[in-house]
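J.: Can you look at this prediction? I've put the sequence above it.
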Amino acid sequence: MKKISVKKAFWRLSFAGLVVILVPSLTFNYWVARDRGGITYFKTIFSEKALKSTANDPGYEQRLSLFRSLPVPSTRPVVFAGDSRTSGAEWSELFSDYQGLVLNRGIGGDHSRGLRQRIDEIVRLRPLVVFIMIGTNDPEKGITADSTLVEHRRIIQTLKAGVPDAVIYIQSIPPTRTEKFKIWVEPVNRSLAQIASEEQVRFIDLASAFSDPQGLLKQEFSQDGIHFNGVAYQTWKALVVPEVRKYLKPLS
């Protein structure tokens, strides 16, 4: 019978122990990652340090601080969440002809990861309905299309876990006046519709109504090619009114 040295025996036992520890761990993490978006989930985790929200922007932090300081309303609100395109609207006035509370939770410069990182502030409001439109700033912030989709899925899942009876609407991302953004956003919007279906939430296609025949933002909707003007916000309202009516009653 061949003798095995103490040193070899030690290394064999160490290797066996490592296998026993690593295999279950890797298997578990594989299934977690698969459920949260596959390899793009890991890409998102490892790139967190590149963004860490927009903590270097005082305006962002001031607005988020305001949101966190406000009391939870006694009436469950309808919430619009997103970036400057959302924050630029006076949602409560746009829907002043309806009974109920409509809150603006848009922050200029925000991106899909930033909204996901602050989604707890929206969960604490116990919203009746949440309209999400986020992603315009993602390419500029270095967030890949795959990561944008992962962040949307995580936002949805966090909202569903925190407020199970809330009605969630994912809205497609309207274009800008640049061809580069058009190339990025069109496949993202197709995937957002698929994610909404998979997560069993509702989807509203804003992009089609905001696009000209070339697939760019209609000129009459913006002065700078990115941010919305009054015409654009009235168009947005018209697109979501049929859904808002399901939860808020008109005053007359």
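T.: Good, I have the coordinates. Please read all numbers here as calculations on a predicted model, not as lab measurements. Residues are numbered from 1 along each chain as shown.
J.: drop to CA atoms for contacts and neighbour counts, all remaining ones
T.: OK.
J.: Give me the domain ranges for this structure.
T.: What the record gives for the chain is the domain set 7-36, 54-250, from automatic domain parsing.
J.: in the stretch 51-200 of the chain, which spans are helices?
T.: Ranges of helices in the stretch 51-200 of the chain, per DSSP state H, counting those that start in this stretch, are 58-69, 84-87, 91-94, 112-117, 119-123, 145-162, 179-198.
J.: Looking at those, which one is packed in the most?
T.: Ranked by mean neighbour count, those are led by helix 112-117 with a mean of 22 (mean count of other Cα atoms under 10 Å).
J.: helices or strands next to that one in the packing?
T.: Using 3 or more Cα pairs under 8 Å, 6 or more residues apart in numbering; DSSP states H and E as the contact criterion, the neighbours of helix 112-117 among helices and strands are helix 145-162.
J.: same question for the helix it packs on, mean pLDDT?
T.: Taken as a whole, helix 145-162 has an average pLDDT of 98.
J.: That one vs helix 179-198, what angle?
T.: Going by axes from the mean of the first three to the mean of the last three Cα atoms, to 10 degrees, helix 145-162 is angled at 40 degrees with respect to helix 179-198.
J.: Please export the C-alpha coordinates of helix 145-162 as PDB.
T.: Written as PDB, here are the backbone C-alpha positions of helix 145-162 (Å, rounded to 0.1, in the frame of the first residue of the first chain):
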ATOM      1  CA  ALA A 145     -27.800  49.400 -20.900                       C
ATOM      2  CA  ASP A 146     -27.700  46.000 -19.100                       C
ATOM      3  CA  SER A 147     -27.200  47.700 -15.700                       C
ATOM      4  CA  THR A 148     -30.100  50.100 -16.400                       C
ATOM      5  CA  LEU A 149     -32.300  47.100 -16.800                       C
ATOM      6  CA  VAL A 150     -31.000  45.400 -13.700                       C
ATOM      7  CA  GLU A 151     -31.600  48.500 -11.700                       C
ATOM      8  CA  HIS A 152     -35.200  48.800 -13.000                       C
ATOM      9  CA  ARG A 153     -35.800  45.200 -11.900                       C
ATOM     10  CA  ARG A 154     -34.400  45.800  -8.500                       C
ATOM     11  CA  ILE A 155     -36.500  49.000  -8.100                       C
ATOM     12  CA  ILE A 156     -39.600  47.000  -8.900                       C
ATOM     13  CA  GLN A 157     -38.700  44.100  -6.600                       C
ATOM     14  CA  THR A 158     -38.000  46.500  -3.700                       C
ATOM     15  CA  LEU A 159     -41.300  48.300  -4.100                       C
ATOM     16  CA  LYS A 160     -43.200  45.000  -4.300                       C
ATOM     17  CA  ALA A 161     -41.500  43.800  -1.200                       C
ATOM     18  CA  GLY A 162     -42.000  47.000   0.800                       C
END
